[in-house]
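Enquirer: here's a sequence, model it:
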Amino acid sequence: LSNANLSKANLIEANLSEAYLAHANLDQADLTGATLTRTDLSKASMSRTILTRAVLHGAVLAGASIADAVLAGADLSGCNLSRLDLQGRDMKGAAFSKANLSNANLSNAN
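Expert: So this is what the prediction gives:
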């Protein structure tokens, strides 16, 4: 699914574990409660994507574009979030245990 166009897709509670979604377009997709364990989302476009309560254990989001994405309650444990711009993101209740946040921008995130 690399380079796939899933913009505005309804993927609520979908199981996309171990999917290869690098460079995919997930703009405005609804991934509420979805399982994305060990999914490769590197350099994916995820503007205004809803990831509320999504499970992303060990997922790779390095270099992804997540402008205005909602990560409230998401489980990002063990994720590679390096170089991710999380500035101003809604991340209330999100879990980041053992996540790689090197060079990530967390300014004004809540």
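Enquirer: partners of the residue lying closest to residue 30 once chain neighbours are set aside in the sheet?
Expert: With sequence-adjacent residues excluded and distances taken as C-beta to C-beta, 6 or more residues apart in numbering, residue 30 is closest to residue 50, at 4.7 Å. (Each C-beta comes from the backbone N, C-alpha and C, glycine too.) In this structure, residue 50 bridges to residue 30, residue 70 when assessed by DSSP bridges.
Enquirer: ok, and the closest non-adjacent residue to residue 107?
Expert: Closest residue to residue 107 apart from its sequence neighbours, by C-beta to C-beta, 6+ apart: residue 87 at 4.6 Å.
Enquirer: quick one: that neighbour and residue 105 touch, right?
Expert: Yes - Residue 87 is within contact range of residue 105, at 4.8 Å (criterion: C-beta atoms under 8 Å).
Enquirer: span of stretch 46-58 from start to end?
Expert: Using C-alpha to C-alpha, to the nearest Å, the end-to-end distance of stretch 46-58 comes to 18 Å.
Enquirer: kindly report the same for stretch 77-86.
Expert: 15 Å.
Enquirer: next one: stretch 73-84
Expert: 18 Å.
Enquirer: before we move on, what about stretch 46-65?
Expert: Start-to-end, stretch 46-65 (C-alpha to C-alpha) is 6 Å.
Enquirer: next, count neighbours for the residue nearest to residue 107.
Expert: Neighbour count for residue 87, taken as other C-beta atoms under 10 Å: 13.
Enquirer: same question for the one 3 residues further on.
Expert: Residues within reach of residue 90, counting by other C-beta under 10 Å, total 16.
Enquirer: my guess is it contacts residue 72. True?
Expert: Yes - counting by C-beta under 8 Å, residue 90 touches residue 72, with 5.1 Å between them.
Enquirer: okay, the nearest residue to residue 36 once chain neighbours are set aside and residue 91: tell me how far apart.
Expert: Nearest residue to residue 36 in three dimensions, chain neighbours excluded: residue 56, at 4.7 Å (C-beta to C-beta, 6+ apart). In this structure, residue 56 and residue 91 are 12 Å apart, going by C-beta to C-beta, to the nearest Å.
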